[in-house]
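**Q** need coordinates for the following:
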Amino acid sequence: MHPIGLALPLIIALVALALAFDFLNGLHDAANSIATVVATRLLSPVQAVLFAAFFNFSAYWLFGLKVAETVGKGIINKDVVTPAVVFGALVGAMTWNVITWWRGIPSSSSHALVGGLLGAGLLHAGPGAIVWGGLTTTTVAIVLSPMIGLTVSMLLFMATAWVFMRVTARASETVFKRLHLVSAAAYSLGHGANDAQKTMGIITVLLYSQGYLGTSFHVPTWVVLSCYTAIGIGTLSGGWKIIETMGSRITKLTHHQGFCASAGGSIMLFAASAFGIPVSTTHTITGCIVGVGAARRTSAVRWPVAQRVATAWVVTIPASAVVGALFYAIARLF
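**A** Predicted coordinates:
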């Protein structure tokens, strides 16, 4: 019998697990897309999640699939991936996401997935399984993305403050309300273009490893649509604890600041997606929010909260790698 027939029930179960991770990603990272519009009361929470879900899904028609290809074959060698590796990676990432979601900590789903994949891949095939070039690019981008977002958002805030210096407060507030809505939509597009594609990469490498794609590594259309649907539904489910942390506990935002934070984050995400680099949307928007807060005055940022978020980022990859390796080992027993 053809090996694909033997593996079909397992493949279906793992694809369902991957889509569950994508749903959880949307739930966990809903705050990334809508924190600024909720914090400034530009939209109600319900309006905001509907808004974000729509633009998350709309990314399908506007962006390529470079990020999916990087995750699928640029972190762990696609030729050594097995169903047990995929299982370990997904469960490792999901476990950490649930823990941080429950605690209201905006950690990175990207970190969690990379960590889970590394832990399971290393235990399966050793250091030789790692694609060091892709991993280095990804980890460097993960470190730089909040710093670049912070800098761009801070510069945007200072530049727009200078441009609107002679405009009345009421008139400028009206303009920034409209601009804020546009920038929030752009950020949601960037979120959909980067985050949903990570799960596409996992499903695609799974299908490739089992012979479903032949000798060509490509992302099937049904995988693309399924992942965008799952992350959109997850976003609709909200993530209110994390939204509170992102939208109000780090710093209080005005429409001017919200526009600059979302615009700075959008620029970062669009650039990363264009080059196929999977970055942390959580990192990016947090850096942007800190940037616009500090541009007003450094005391406007609640640094202990920001430090708590940063601590979660540091431990996410090793923690999810350990859990990913553990569940890989459990899967190998069956």
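
**Q** poorly predicted segments of the stretch 101-250 of the chain, please.
**A** 104-107, 238-250 (pLDDT under 70).

**Q** give me the distance from whichever strand or helix holds residue 95 to the chain's centre.
**A** Assigned by DSSP states H and E, residue 95 belongs to helix 83-103. Mean C-alpha position of helix 83-103 versus that of the full chain (Cα atoms, centre = their mean, to the nearest Å) differs by 14 Å.

**Q** cool, and stretch 170-187?
**A** 23 Å.

**Q** which parts of it are buried?
**A** For stretch 170-187, a neighbour-count test (16 or more other Cβ atoms under 10 Å) marks 172, 176-177, 179-181, 183-187 as buried. Where you see a C-beta, it was placed from the backbone N, CA and C, and this is true even at glycine.

**Q** and stretch 43-52, by the same measure?
**A** Buried-residue list, stretch 43-52, by 16+ other Cβ under 10 Å: 43, 45, 48-49, 51-52.

**Q** can you list those in a markdown table and add distance to residue 258?
**A** Shown next, in a markdown table, are the buried residues of stretch 43-52 (distance: Cβ to Cβ, whole Å):
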| residue | distance to residue 258 |
| --- | --- |
| 43 | 11 |
| 45 | 15 |
| 48 | 12 |
| 49 | 16 |
| 51 | 13 |
| 52 | 14 |
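
**Q** let's have those residues in CSV, adding pLDDT and distance to residue 80.
**A** Shown next, in CSV, are the buried residues of stretch 43-52 (pLDDT from 0 to 100; distance: Cβ to Cβ, whole Å):
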residue, pLDDT, distance to residue 80
43, 79, 46
45, 73, 44
48, 79, 42
49, 78, 39
51, 86, 41
52, 81, 36
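
**Q** which ones among those are found in helices?
**A** Within those, residues falling in helices by DSSP state H are 45, 48-49, 51-52.

**Q** closest to residue 118 out of those residues?
**A** In terms of Cβ to Cβ, no member of those lies closer to residue 118 than residue 52, at 29.2 Å.

**Q** the closest one is in contact with residue 189, isn't it?
**A** No: the criterion here is Cβ atoms under 8 Å, and residue 52 misses it with residue 189 at 9.9 Å.

**Q** re the thing from before, which helices and strands sit right next to the helix holding residue 95?
**A** helix 3-39, helix 109-125, helix 169-209, helix 240-244, helix 303-332 (3 or more Cβ pairs under 8 Å, 6 or more residues apart in numbering; DSSP states H and E).

**Q** quick check: what element follows the fourth one along the chain?
**A** Counting by DSSP H and E, the element after helix 240-244 in chain order, helix or strand, is helix 255-274.

**Q** ok, the nearest residue to residue 236 once chain neighbours are set aside - contacts?
**A** Distances taken as Cβ to Cβ, 6 or more residues apart in numbering put residue 53 closest to residue 236, at 4.7 Å, once the chain neighbours are dropped. The contact partners of residue 53, taken as Cβ atoms under 8 Å, 6 or more residues apart in numbering, are 26, 232-233, 235-236.

**Q** okay, how far is it across stretch 214-222, tip to tip?
**A** Stretch 214-222 stretches 17 Å from its first residue to its last (Cα to Cα, to the nearest Å).

**Q** tell me the contacts of residue 87?
**A** 14, 17, 120, 327-328, 331.

**Q** check residue 40 too.
**A** Here residue 40 is in contact with 180, 253-255, 258 (Cβ under 8 Å, 6+ apart).

**Q** same deal with residue 156?
**A** Contacts of residue 156 by Cβ under 8 Å, 6+ apart are 260, 263-264.

**Q** list the buried residues of the host helix or strand of it.
**A** For residue 156, the host element (DSSP H and E) is helix 132-163. The neighbour-count check on helix 132-163 (16+ other Cβ under 10 Å) flags 134-135, 137-138, 141-142, 144-146, 148-150, 152-154, 156-157, 160 as buried.

**Q** now do stretch 61-70
**A** Buried-residue list, stretch 61-70, by 16+ other Cβ under 10 Å: 63, 65-70.

**Q** in helices only, show me the residues you listed.
**A** Per DSSP H, the buried residues of stretch 61-70 map to helices at 66-70.

**Q** rewinding a little: Serialize the contacts of residue 156 to CSV and add fields for pLDDT, neighbour count and distance to residue 220.
**A** Shown next, in CSV, are the contacts of residue 156 (pLDDT from 0 to 100; neighbours: other Cβ atoms under 10 Å; distance: Cβ to Cβ, whole Å):
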residue, pLDDT, neighbour count, distance to residue 220
260, 93, 32, 39
263, 93, 24, 34
264, 93, 29, 34
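
**Q** just the residues you listed now: which is nearest residue 115?
**A** Nearest to residue 115 among the contacts of residue 156: residue 264, at 26.3 Å, using Cβ to Cβ.

**Q** my guess is that closest one contacts residue 289. True?
**A** No: here residue 264 lies out of contact with residue 289, judged by Cβ under 8 Å, at a distance of 9.5 Å.

**Q** any common contacting residues for those two?
**A** With Cβ under 8 Å, 6+ apart, residue 264 and residue 289 have common neighbours residue 153.

**Q** hang on, residue 39 packs against residue 261?
**A** No: the criterion here is Cβ under 8 Å, and residue 39 misses it with residue 261 at 9.7 Å.

**Q** right, I'll call it a day here.
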